[in-house]
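Q: the sequence and its predicted three-dimensional model are supplied below.
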Amino acid sequence: MKDFAKIRSDFKILDQEVNGKPLVYLDNAATAQKPKQVVNALVSYYEMDNANVHRGVHTLAGRATDAYEGAREKVRAFIGASHTKEIIFTRGTTTALNLVADSYGAANISSGDEIVISHVEHHSNFIPWQQLAKRTGATLKFIEPEEDGSISVEKAASVIGAKTKIVAITHVSNVLGTVTPIQAIAQIAHENGAVIVVDGAQAVPHMAVDVAALDVDFYAFSGHKMLAPTGTGVLYGKKALLEKMEPTEFGGEMIDFVNLYDSTWKELPWKFEAGTPTIGGQIALGAAMDYLTEIGMDAVHLHEEELVRYALAEMQKISGITIYGPLDANKRAGLVTFNLEGVHPHDLATVLDEEGIAIRAGHHCAQPLMKWLGVNSTARVSFYIYNTKEEVDAFIQGLKLTKEYFGL
């Protein structure tokens, strides 16, 4: 059994007061806090090894390159990829998904083809495909969610067909917390000759992910949601697909030879990493993966599941609360999206902030899903490894205080 109280002590930011109250940080789906081990890795790079990677023969350049490529190996192992050539460092999930749309999509999608997505997608996994369809004349098709917002294999199979060339789907909804049956949908996509692209931004930080076992073609996620710095992320792609793809950014670092009228590219993964990368950030991403590996992703998932189960039970005792997504904690990840009748989500978030409680309010970069739910915005609490039941209690008390404040 992991000592999550001890884990919490690694996060200095949590040891503070906001508006005179102990900070209760429940906005982890937006970004996670950083433990001292990750901060130290970033500081160590800048204080001891700061140099550009791959380009120098001096000692600092060698140390920086070793640490940077060492982080790539940590990513490969963490998500179960076969080779480091399949690990492309990016600025985050958005950059990674746009890379696939702009490179693979541009080369393989034409008029009459179909791109399948769902209503529950974050804008990062919605707009790139929407715009690709507009540019190429392809048809955008949607998997309709079940009543609780989940994506079923049956409905996916009813939409994916012979004309489908790309299936782009979230692994975990950033609004509903629903977990998509990726392996089964990947099989359906492949049976129809399509590739599957997965937004894993809300999955990789919170559960064990094995891209080889899932048999996905592309998988994207961000570092900042899993304890690493902002501006870090990963695109996993099957080597055979990446090798055929053209870069979408050009310049230094990604070239092999440059001539007056033509150029050639480096081998994988560097042909997709133009310019000076976020060296310190990706090294710190490797440190974040070390930290999570030490805890164990199964332990992370069980801890969040326990908090969600407790939160769901307590929230349902409060009149006027509408919870979106499954009410069974076993069927969702570590977040709860809801509305409190008579209170705008932004007003709710403001009152809670006065109590030192940080939550998220708005459309959560998922406007099509908001329309499907029949609302303009919602409030969201999301948990991680450093949150406690006592913080859930503070949140519940904050909801009750909000009702009193608005005379409900």
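A: Structure received.
Q: going forward, measure contacts between C-alpha atoms and count neighbours the same way
A: Fine.
Q: need the contact list for Glu305.
A: Ala329, Asn330, Ala333, Gly334 (CA atoms under 8 Å, 6 or more residues apart in numbering).
Q: can you give me the pLDDT of it?
A: Per-residue pLDDT puts Glu305 at 97.
Q: report the distance from whichever helix or strand Val198 is part of to the chain centre.
A: Secondary structure from DSSP states H and E places Val198 in strand 195-199. A distance of 13 Å separates the centroid of the chain from that of strand 195-199, by CA atoms, centre = their mean, to the nearest Å.
Q: immediately after that strand, which helix or strand?
A: Beyond strand 195-199 on the C-terminal side, the first helix or strand identified by DSSP H and E is helix 211-214.
Q: the next helix or strand after that next one pairs with which strands?
A: As assigned by DSSP H and E, the chain's next helix or strand after helix 211-214 is strand 218-222. Within its sheet, and counting by DSSP bridges, strand 218-222 is paired with strand 195-199 (parallel), strand 233-237 (antiparallel).
Q: out of the ones you listed, which is closest to Ile385?
A: Distances from Ile385 to each of the strands paired with strand 218-222 were compared using CA to CA; the shortest belongs to strand 233-237, at 20.0 Å.
Q: give me the contact list for the closest one.
A: When contacts are taken as CA under 8 Å, 6+ apart, the neighbours of strand 233-237 outside the stretch itself are 81, 86-93, 96-97, 217-224, 282.
Q: again, but for stretch 316-334
A: Residues outside stretch 316-334 that contact it (CA under 8 Å, 6+ apart) are 148-150, 172, 176-179, 206, 301, 304-309, 312, 315, 336-341, 382-384, 400.
Q: just stretch 261-281 next, same as before
A: With CA under 8 Å, 6+ apart as the criterion, stretch 261-281 contacts 41-42, 45-46, 52-53, 64, 68, 84-91, 228-232, 242-243, 247-258.
Q: repeat the analysis, applying 6 Å as the threshold.
A: Under the criterion CA atoms under 6 Å, 6 or more residues apart in numbering, residues 42, 45, 85, 88, 229, 247, 250-257 lie in contact with stretch 261-281.
Q: in a markdown table, list the residues you listed along with secondary structure.
A: Supplementary listing: those in a markdown table, determined by DSSP: H, G, I helix; E, B strand; the rest coil:
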| residue | secondary structure |
| --- | --- |
| Leu42 | helix |
| Tyr45 | helix |
| Lys85 | helix |
| Ile88 | strand |
| Pro229 | coil |
| Pro247 | coil |
| Phe250 | coil |
| Gly251 | coil |
| Gly252 | coil |
| Glu253 | coil |
| Met254 | coil |
| Ile255 | strand |
| Asp256 | strand |
| Phe257 | strand |
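Q: how about JSON lines for the contacts of Glu305, with neighbour count added?
A: Putting those into JSON lines (neighbours: other CA atoms under 10 Å) gives the following:
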{"residue": "Ala329", "neighbour count": "22"}
{"residue": "Asn330", "neighbour count": "15"}
{"residue": "Ala333", "neighbour count": "25"}
{"residue": "Gly334", "neighbour count": "31"}
